[in-house]
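Colleague: need a structure here:
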Amino acid sequence: MRPGGAGGGYSESLIEASALGVVETVVVGAGGTAGTTNQAGGAGGTSSFGGFVTAPGGDGGGAVQTSGTAMDVSSAVPGPFAGTGQWATGGGAGGGAIRLNGTNGLSGGGGDSKLGHGGFARASSGAGTAPRGYGGGAGGGLSYGDAETGAAGGDGIVIVELYG
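Modeller: Down below sits the predicted model:
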């Protein structure tokens, strides 16, 4: 049983056109990589627009729960702190996981982002679950004996609106 990955942060700014350079770098953070049967999932990348706005990706779900049938728990994955921008907020925490015995447990759901939903928690054996939208964390995988992998987190997004 695995905890879910954390959702990515969100940042927004209103920027005067005169403050922009001739070229501004846009980086869209990739979703965190799926964990393997015995490795944690990877952290999501940071999305940014020039030096004006950054939004961090969330950490992947850990591979901390031991094999066995005894009751065990895995702590939730905390969401990232806020990035930079006039309005910035961190992402949602991934849910913790619990094993009651060798045939009953619950993996952690993925953390939400401002523009995406985390993958669902599962009580049946299976791989991690994909998020929907942008920046959501993946839900953790659950195994009652078979090797199960995780799922990748959601990619970030950069939205630029021009007016005037």
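
Colleague: what residue is smack in the middle of the chain?
Modeller: The residue at the geometric middle of the chain, judged as the C-alpha nearest the mean C-alpha position with Cα atoms, centre = their mean, is residue 137 (2.7 Å).

Colleague: Tell me if I'm right that that one and residue 80 touch.
Modeller: No: the pair residue 137 and residue 80 fails to qualify as a contact (Cβ atoms under 8 Å) at a distance of 10.3 Å. For the C-beta atoms, the positions are set from N, CA and C on the backbone; glycine is no exception.

Colleague: residues shared between the contacts of those two?
Modeller: The overlap between the contact sets of residue 137 and residue 80 (Cβ atoms under 8 Å, 6 or more residues apart in numbering) consists of 6, 8, 58, 91.

Colleague: Which residues are in contact with the closest residue to the second one other than its chain neighbours?
Modeller: To tie it back to what came earlier, the one meant is residue 8. Among residues not flanking residue 8 along the chain, residue 135 sits closest, at 3.5 Å (Cβ to Cβ, 6 or more residues apart in numbering). Under the criterion of Cβ under 8 Å, 6+ apart, the contact partners of residue 135 comprise 7-10, 29, 31, 44, 47, 55, 57-58, 91, 113-116, 153-157.

Colleague: For the helix or strand of the chain with the lowest mean pLDDT, which helices and strands make contact with it?
Modeller: The helix or strand with the lowest mean pLDDT-type score in the chain, counting by mean pLDDT, DSSP states H and E, is strand 72-74 (a mean of 90). Packed against strand 72-74, as judged by 3 or more Cβ pairs under 8 Å, 6 or more residues apart in numbering; DSSP states H and E, are the following elements: strand 97-101.
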